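J.: Any chance you could fold what I've pasted below:
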Amino acid sequence: MNRRTFCFSLLAIPRLAALAEGASPIMADSSGRIRFVLEDPLEHPFYWWPRTLLHYPVKFAAPVTLEKLKLVDAETGKRTLVQFSAVERCALGVRSATVHFFSDLPSGGRREYLLGQHAQVKISKSHSPARSGADVKP
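T.: I've put the predicted structure just below:
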């Protein structure tokens with residue numbers, strides 16, 4: 001790739017970010033969890049994502065309590081810091097919100113996060129990397 005082509009490709013990045021802003025909300029799967037999957041299929045050694053603040057609009061099938069939600073790294077089971085904005089409440093709890101969390105993505109890497117109620121987010125060693133309809137890719 002020559003320098004000119006590379007510079008023009010950089011100009012497309014803000015346009016892609018603007019498209020993501022208007023994305024439709026991600027719906028929880030049948031178990032009430034939302035799975036965020038970040039992947040780099042290129043595996044190019046010069047391309048990776050540094051630690052970045054990510055945000056995704058989400059919708060819950062049934063109202064939830066934000067205090068009971070947690071975001072965990074599916075590989076390690078460690079809890080990840082999460083923040084919510086644009087919260088839409090109803091009488092029974094929260095129906096939708098925008099989820100904010102930090103993540104990086106090394107070249108050729110994969111990160112998977114699960115958002116759900118305390119009892120719903122359980123990671124086991126036999127956790128399958130199979131994807132649900134609620135997968136999210138950047």
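J.: Let me know the next secondary structure element after the longest strand along the chain.
T.: Determined from DSSP state E, the single longest strand within the chain is strand 49-64. For strand 49-64, the succeeding helix or strand toward the C-terminus, using DSSP states H and E, is strand 69-73.
J.: That following strand: which residues count as buried?
T.: 69, 71-72 (16 or more other CB atoms under 10 Å). The way it works is simple: take the backbone N, C-alpha and C, and place the C-beta from them, glycine included.
J.: With stretch 79-90 instead?
T.: For stretch 79-90, by 16+ other CB under 10 Å, it's 80, 82.
J.: Then stretch 33-49?
T.: For stretch 33-49, by 16+ other CB under 10 Å, it's 33-38, 40, 49.
J.: now stretch 98-108
T.: Those would be 99, 101, 103, 105, for stretch 98-108 by 16+ other CB under 10 Å.
J.: what's next to it, contact-wise?
T.: For stretch 98-108, the external contacting residues (CB atoms under 8 Å, 6 or more residues apart in numbering) are 34, 38-40, 42-58, 71, 80-86, 111, 113, 115, 138.
J.: the strands in the protein, which residues?
T.: Going by DSSP E, the chain shows strands at 26-27, 34-39, 49-64, 69-73, 79-80, 83-90, 93-105, 110-117.
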